[in-house]
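S.K.: Just the structure for this:
(6 chains)
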Number of protein chains: 6
Amino acid sequence: MSGSDPFTLITPTPAAGFDLAVRLARLAVKLAQPSAEIRTRLRAAYEQDSEQLIAASQVTATHFQTIAAANDYWRASGAVT
Amino acid sequence: MSGSDPFTLITPTPAAGFDLAVRLARLAVKLAQPSAEIRTRLRAAYEQDSEQLIAASQVTATHFQTIAAANDYWRASGAVT
Amino acid sequence: MSGSDPFTLITPTPAAGFDLAVRLARLAVKLAQPSAEIRTRLRAAYEQDSEQLIAASQVTATHFQTIAAANDYWRASGAVT
Amino acid sequence: MSGSDPFTLITPTPAAGFDLAVRLARLAVKLAQPSAEIRTRLRAAYEQDSEQLIAASQVTATHFQTIAAANDYWRASGAVT
Amino acid sequence: MSGSDPFTLITPTPAAGFDLAVRLARLAVKLAQPSAEIRTRLRAAYEQDSEQLIAASQVTATHFQTIAAANDYWRASGAVT
Amino acid sequence: MSGSDPFTLITPTPAAGFDLAVRLARLAVKLAQPSAEIRTRLRAAYEQDSEQLIAASQVTATHFQTIAAANDYWRASGAVT
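M.R.: Below you'll find the model as predicted:
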């Protein structure tokens, strides 16, 4: 089973790293539910449910932790922009 | 998809690091639910729900773990203020 | 109790690492519920439940964190493909 | 938004580190729900709910992991008292 | 309170490490509910509940992360078998 | 607020480390609900609830990860007994 498009964990900035974390959180949902139509229907409900929004934020936080370590916390670049 | 404003993980103090962790926990919710009006409505309920307050605290704890590592736990600065 | 087929944490790319993370998340479910028939029945419901899809994404995020560290975040190879 | 009072992650003992972890778990709740009156009302219910007590213990465990790493697991001091 | 039988985190292969992670996830349940009869009754229900199977997979993922780090991700041995 | 009795993260064996992880998971519950009588009442229900037993196992897994790192995964001692 190969489902993911190629990607790298190395990003220029923390903000780009955060966007990647959101994408990886959604990627696992996409691999579990390949139908875009069903995901769109589910999304309409989950976007209005604070419990699920918090749970999704937790997944992003775990991925962001991984990506931040991969980029040595963007210390070198002092990257802010 | 680029959603996040620029930010750095490097903060002067643990307290500033904790505030950043709260902001990152909310950032993922904002990226998942861009409507400020809906977020405000959801917030009114979630603020009164201890289960969701605890779940939000868990997201902050994961982000704070990342930020603390990024700042080498503010050991060098012995930063307290 | 030995249930898992042989595998390695070392993968050529982040995408292959992510696929492995999804497989490990499912492996634990398989070891807890060996009946493929029951798993297929359960899957039909869980695939339509955004809460469970988010929870499954959390498991994948934890395994991906482990696999990324095992591969030194694919820094050396600059692996993207 | 600066909400947290100054603090350091460096504590003399594991027990002091654990107390700090409990305080940080509660700090995020305080920042999300500034009203002491509402928090007291919510606390009366959550203290009697084993699911929420376990979830709160999970938040403390994540913060304690961060604080233990910050103090190099109190190895040097062999701190027990 | 000493409840656990002796064990080591060092395993020959990732697969053996995964099996150990499953055992440790169950060990904590056994220490919390010593009655094998009650655990067997509970297991019959949880095995048919995808939410609980996913939550159990999350516990295994956290233990596997610990065991993988203990074995330096089985890099040296290139262990696959 | 100082609630915890003195303890060290350094244990002779993984099994002793696991017992400590269970104790720390319960310590946070004790600090949140000081009444032994209420905790005993809550425990009678939670011990029969597989969802809560799994959630408690997750807390133990996070503490065990911290304790294992503190003891360098008991590599040196090859500790099994």
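
S.K.: Tell me which helix or strand residue A:44 sits in.
M.R.: Here residue A:44, judged by DSSP states H and E, is contained in helix A:36-46.

S.K.: Which helix or strand lies directly C-terminal to that helix?
M.R.: Helix A:36-46 is succeeded, C-terminally, by helix A:50-70 (DSSP H and E).

S.K.: ok now that next one, how far from the chain's centre?
M.R.: 7 Å (C-alpha atoms, centre = their mean, to the nearest Å).

S.K.: can the one helix or strand residue A:28 maps to be found next to chain E?
M.R.: Here residue A:28 sits within helix A:14-32, counting by DSSP H and E. No. Judged by C-beta under 8 Å from any C-beta of the partner chain, helix A:14-32 stays clear of chain E, getting no closer than 10.3 Å. In this view, the C-beta of every residue, glycine as well, is placed from N, C-alpha and C.

S.K.: Point out the other helices and strands that that helix packs with.
M.R.: For helix A:14-32, the packing partners by 3 or more C-beta pairs under 8 Å, 6 or more residues apart in numbering or on different chains; DSSP states H and E come out as helix A:50-70, helix B:14-32, helix C:14-32, helix C:50-70.

S.K.: Make CSV from those and add mean pLDDT, mean neighbour count and distance to residue A:14 to it.
M.R.: Converted to CSV, the helices and strands packed on helix A:14-32 look like this (pLDDT from 0 to 100; neighbours: other C-beta atoms under 10 Å in any protein chain shown; distance: least, C-beta to C-beta, whole Å):
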stretch, mean pLDDT, mean neighbour count, distance to residue A:14
helix A:50-70, 98, 24, 7
helix B:14-32, 97, 22, 9
helix C:14-32, 97, 22, 18
helix C:50-70, 98, 24, 17
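
S.K.: Let me see the contact set for the nearest residue to residue A:68 once chain neighbours are set aside.
M.R.: In space, residue A:68 comes closest to residue B:66 once its chain neighbours are excluded; the distance is 5.1 Å by C-beta to C-beta, 6 or more residues apart in numbering or on different chains. Taking C-beta atoms under 8 Å, 6 or more residues apart in numbering or on different chains, we find residue B:66 in contact with A:61, A:64, A:65, A:68, A:69, A:73, B:9, B:21.

S.K.: where's residue B:66 relative to chain E, distance?
M.R.: 15 Å (C-beta to the nearest C-beta, to the nearest Å).

S.K.: Quick check: residues of chain A near chain B?
M.R.: A:13-16, A:18-19, A:21-23, A:46-51, A:53-58, A:60-62, A:64-65, A:68-69, A:73-75, A:78-81.

S.K.: Residue A:11 is in what secondary structure piece?
M.R.: With DSSP H and E as the test, residue A:11 turns up in no helix or strand.

S.K.: For it, which non-adjacent residue is spatially closest?
M.R.: residue A:17 (4.4 Å).

S.K.: Just to check, that neighbour is in contact with residue A:64?
M.R.: Yes. With contacts counted by C-beta atoms under 8 Å, residue A:17 reaches residue A:64, the gap being 6.5 Å.

S.K.: Hmm, residue A:73 is touching residue B:70, no?
M.R.: Yes. Residue A:73 lies in contact with residue B:70 (C-beta under 8 Å); the separation is 3.6 Å.

S.K.: and the gap between the residue most central in space within chain A and chain C?
M.R.: Computing the C-alpha centroid of chain A and ranking residues by C-alpha atoms, centre = their mean puts residue A:22 first, at 2.2 Å. Look at residue A:22 and chain C: by C-beta to the nearest C-beta, they are 11 Å apart.

S.K.: just checking, that residue touches residue A:60?
M.R.: Yes. Taking contacts as C-beta under 8 Å, residue A:22 lies within contact range of residue A:60: 5.4 Å.

S.K.: Now do the shared contacts for those two.
M.R.: residue B:28.

S.K.: hmm, back to that, shared neighbours of residue A:73 and residue B:70, anything?
M.R.: Joint contacts of residue A:73 and residue B:70 (C-beta under 8 Å, 6+ apart) are B:9, B:10.

S.K.: ok, residue A:41 - how many residues close by?
M.R.: By other C-beta atoms under 10 Å in any protein chain shown, the residues close to residue A:41 number 12.

S.K.: For it, list the residues it contacts.
M.R.: Residues near residue A:41 by C-beta under 8 Å, 6+ apart: none.

S.K.: separation between it and residue D:26?
M.R.: 38 Å (C-beta to C-beta, to the nearest Å).

S.K.: these two touch, right, residue A:8 and residue C:17?
M.R.: No. Because the distance of 11.3 Å does not satisfy C-beta under 8 Å, residue A:8 is recorded as not touching residue C:17.

S.K.: can you list residues touching both of the two?
M.R.: Joint contacts of residue A:8 and residue C:17 (C-beta under 8 Å, 6+ apart) are residue C:74.

S.K.: related to what we said a few turns ago, the helix holding residue A:44: how far from the chain's middle?
M.R.: 17 Å.

S.K.: what do you get for stretch A:18-38?
M.R.: With C-alpha atoms, centre = their mean, you get 8 Å for stretch A:18-38.

S.K.: Then stretch A:54-71?
M.R.: 7 Å.

S.K.: Please save the CA atoms from that stretch in PDB.
M.R.: Provided in PDB are the C-alpha atoms of stretch A:54-71 (Å, rounded to 0.1, in the frame of the first residue of the first chain):
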ATOM      1  CA  ILE A  54      -9.500  20.200  19.400                       C
ATOM      2  CA  ALA A  55      -8.700  16.500  18.600                       C
ATOM      3  CA  ALA A  56      -7.500  17.500  15.100                       C
ATOM      4  CA  SER A  57      -5.400  20.200  16.700                       C
ATOM      5  CA  GLN A  58      -3.800  17.500  18.800                       C
ATOM      6  CA  VAL A  59      -2.800  15.500  15.700                       C
ATOM      7  CA  THR A  60      -1.300  18.600  14.200                       C
ATOM      8  CA  ALA A  61       0.700  19.200  17.400                       C
ATOM      9  CA  THR A  62       2.200  15.700  17.300                       C
ATOM     10  CA  HIS A  63       3.200  16.100  13.600                       C
ATOM     11  CA  PHE A  64       4.500  19.600  14.300                       C
ATOM     12  CA  GLN A  65       6.700  18.200  17.100                       C
ATOM     13  CA  THR A  66       8.200  15.700  14.600                       C
ATOM     14  CA  ILE A  67       8.700  18.400  11.900                       C
ATOM     15  CA  ALA A  68      10.200  20.800  14.300                       C
ATOM     16  CA  ALA A  69      12.800  18.200  15.500                       C
ATOM     17  CA  ALA A  70      13.500  17.400  11.800                       C
ATOM     18  CA  ASN A  71      14.400  21.100  11.200                       C
END
